[in-house]
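Enquirer: model this:
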Amino acid sequence: MAGRVLILGGRGRIGSCVAADLLRHTQAQITITGRTAALSDGLQFPLESGVIYLALDLADRPQLQTAIGNADLVIHCAGPFRYRDDQAIRLCIEQGVNYLDVSDDRRFTLTALSLRSVAEAAGVTAIINSGVFPGISNSMVRQGVEQLDVAEKIHLSYVVAGSGGAGVTVMRTTFLGLQNPFEVWLDGRWQVVKPYTGREAIAFPQPFGRTGVYWFDMPETITLVDSFPVQSVAVKFGSAPDFYSILTALMARLPAQVIQHPQAIEFLSKVSYGMTAVTDRFSGIGVAMRAEVSGQKDGSPVRYSSTFVHENTAIAVGYGTGSLAELMLSGAVAKPGVWAVEQVLPTDLFERAMQSRNVKLAQQWQ
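Expert: Here you go, the predicted structure:
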């Protein structure tokens with residue numbers, strides 16, 4: 001399973017976890033990028049692993065084009081994706097290079113999906129929104145939908161402990177997600193909700209237990225509606241310890257001119273990251289997810305649920321993205337076009353990939 005893999009943003013915590021997964025499961029030649037010449041001491045793999053480092057500014061189109069042209073697969077891990085354009089995926093399509101990313105932004109997702117026919121014509125397989133949520137969570141939903149005769153409602157719930165093992169970029173993504181109301185598919189129509197409202201207490205696996213989750217703007221909200229003919233799709237998110245969620249909910253109620261100001265976002269992100277640096281030692285940096293699919297089976301109403309838990313959120317992202325990269329390099333997943341994970345990854349391959357990474361999904365019927 002050899003191949004040349006370019007990981008944009010591969011020096012960061014998420015990108016280096018993806019690289020570590022590929023080192024463990026493939027023989028790919030891996031190049032990681034960062035904006036400066038120096039390597040980080042927070043890499044998730046040894047420096048002598050053979051991974052190549054390339055200093056690369058994504059704004060430098062000629063250099064980016066050259067780097068992509070030397071790869072068989074590009075994995076875009078350089079968020080926050082709210083600030084990213086479609087240059088990387090377009091360059092991949094133009095040069096016939098397969099593409100994978102860890103994007104988690106609605107606007108970016110819609111922009112990427114609009115390139116489906118162009119990628120299909122170029123014979124390029126492009127998969128967006130990989131990782132843990134979105135990513136593994138989408139496949140958990142597909143796994144459930146396929147076990148029902150008729151799927152009617154999807155409910156996804158996520159909780160992350162402290163920083164989740166990721167950097168300040170994740171904090172920025174959270175606060176950016178508080179800026180605007182967004183549409184969700186409820187009762188067969190699009191309805192507007194406000195971020196960090198609609199609290200629900202969800203029973204997650206230990207060590208999380210019952211934890212509050214809130215409406216949060218995630219791309220699964222739109223791709224799952226496109227993928228499955230259901231009446232409702234709810235995606236909610238929370239943090240542990242729970243007081244982080246409560247503080248975030250209060251931040252969401254600040255005047256728009258505050259929460260939408262770049263300097264305010266940067267200040268809140270750095271303060272939050274500093275707080276989690278203290279509490280991580282008590283809360284851990286793990287993630288838990290619960291996927292529920294309600295509908296009909298054998299003529300009776302049923303509710304299927306599956307849960308996932310891992311002690312390190314960034315490593316879990318590496319599992320989700322790394323397993324897809326492994327399947328793309330082997331040719332097991334090849335579908336020209338631009339797709340969300342649940343639209344291109346068969347359940348049997350998903351289950352096999354999780355088993356190879358010792359990930360156990362607990363499934364239950366009600």
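
Enquirer: quick one: the strands in the stretch 251-366 of the chain?
Expert: Remark: strands assigned in the stretch 251-366 of the chain by DSSP state E, counting those that start in this stretch are 287-297, 300-310, 337-340, 362-365.

Enquirer: With distance to V141, mean neighbour count and mean pLDDT added, can I get those in a markdown table?
Expert: Where C-beta positions appear, they are placed from N, C-alpha and C, glycine not excepted. Shown next, in a markdown table, are the strands of the stretch 251-366 of the chain (distance: least, C-beta to C-beta, whole Å; neighbours: other C-beta atoms under 10 Å; pLDDT from 0 to 100):
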| stretch | distance to V141 | mean neighbour count | mean pLDDT |
| --- | --- | --- | --- |
| strand 287-297 | 5 | 23 | 97 |
| strand 300-310 | 9 | 18 | 98 |
| strand 337-340 | 11 | 23 | 98 |
| strand 362-365 | 13 | 11 | 95 |
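
Enquirer: Mind checking the ones you listed for the one nearest to R84?
Expert: Closest of the strands of the stretch 251-366 of the chain to R84 is strand 337-340, at 14.9 Å (criterion: C-beta to C-beta).

Enquirer: got the CA positions of the closest one in CSV?
Expert: Provided in CSV are the C-alpha atoms of strand 337-340 (Å, rounded to 0.1, in the frame of the first residue of the first chain):
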residue,chain,number,x,y,z
GLY,A,337,-16.5,13.1,-7.5
VAL,A,338,-16.6,15.0,-4.2
TRP,A,339,-18.3,13.1,-1.4
ALA,A,340,-19.1,13.1,2.3
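
Enquirer: list the helices and strands that strand packs on?
Expert: helix 106-113, helix 116-122, strand 125-128, helix 220-227 (3 or more C-beta pairs under 8 Å, 6 or more residues apart in numbering; DSSP states H and E).

Enquirer: For the third one, name the packing helices and strands.
Expert: Under the contact criterion of 3+ C-beta pairs under 8 Å, 6+ apart, strand 125-128 touches helix 87-95, strand 98-101, helix 106-113, helix 313-330, strand 337-340, helix 341-344.

Enquirer: strand partners of the fifth one, parallel vs antiparallel please.
Expert: Looking at strand 337-340 with DSSP bridges, its paired strands and their directions are strand 125-128 (parallel).

Enquirer: what residues does the partner strand touch?
Expert: 89, 92-93, 98-101, 103, 108-109, 112-113, 115, 119, 219, 324, 328, 333-341, 344-345 (C-beta atoms under 8 Å, 6 or more residues apart in numbering).

Enquirer: before we move on, what about stretch 307-316?
Expert: With C-beta under 8 Å, 6+ apart as the test, stretch 307-316 has contacts from 13-14, 17, 20, 44, 131-132, 136-137, 140, 160-161, 164-166, 204-206, 208, 284-291, 319, 359, 361-362.

Enquirer: Which of those are buried? Put it as a PyMOL command.
Expert: To isolate the buried members of the contacts of stretch 307-316 in PyMOL, using 16 or more other C-beta atoms under 10 Å:
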select buried, resi 13+14+17+20+44+131+132+136+137+140+160+161+164+165+166+204+205+208+284+285+286+287+288+289+290+291+319+359+361
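
Enquirer: Of the helices and strands packed on strand 337-340, flag the one that's most buried.
Expert: Each of the helices and strands packed on strand 337-340 was scored by mean neighbour count; the highest is strand 125-128, a mean of 27, by mean count of other C-beta atoms under 10 Å.

Enquirer: helix or strand right after it?
Expert: Counting by DSSP states H and E, the next helix or strand C-terminal to strand 125-128 is helix 137-145.

Enquirer: ok, back up a step: figure out which of the helices and strands packed on strand 337-340 is closest to T66.
Expert: helix 116-122 (18.6 Å).

Enquirer: Which elements pack onto the closest one?
Expert: When contacts are defined as 3+ C-beta pairs under 8 Å, 6+ apart, helix 116-122 sits against helix 87-95, strand 337-340.

Enquirer: Restricting the selection to alpha carbons, write that helix to PDB.
Expert: Extracted C-alpha coordinates of helix 116-122, given in PDB (Å, rounded to 0.1, in the frame of the first residue of the first chain):
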ATOM      1  CA  ARG A 116     -18.500  17.100  -7.700                       C
ATOM      2  CA  SER A 117     -19.100  17.000 -11.500                       C
ATOM      3  CA  VAL A 118     -15.700  18.600 -12.200                       C
ATOM      4  CA  ALA A 119     -13.900  16.000 -10.000                       C
ATOM      5  CA  GLU A 120     -15.900  13.200 -11.600                       C
ATOM      6  CA  ALA A 121     -14.900  14.300 -15.100                       C
ATOM      7  CA  ALA A 122     -11.300  14.400 -14.000                       C
END
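
Enquirer: how many other residues sit next to the closest residue to L224 other than its chain neighbours?
Expert: Of all residues not flanking L224 in the chain, V233 sits nearest, at 4.9 Å (C-beta to C-beta, 6 or more residues apart in numbering). A count of neighbours around V233, defined by other C-beta atoms under 10 Å, yields 22.

Enquirer: Could you check which helix or strand contains V233?
Expert: strand 232-240.

Enquirer: Pairing partners for that strand, with directions?
Expert: Strand 232-240 pairs in its sheet with strand 150-161 (parallel), strand 210-215 (antiparallel), by DSSP bridges.

Enquirer: what separates V18 from E311, distance-wise?
Expert: For V18, the distance to E311 (C-beta to C-beta, to the nearest Å) stands at 18 Å.

Enquirer: now R253
Expert: According to C-beta to C-beta, R253 stands 32 Å off from E311.

Enquirer: before we move on, the earlier item: quick one, which of V18 and E311 is more surrounded?
Expert: More crowded of V18 and E311, by other C-beta under 10 Å: V18, with 33 against 13.
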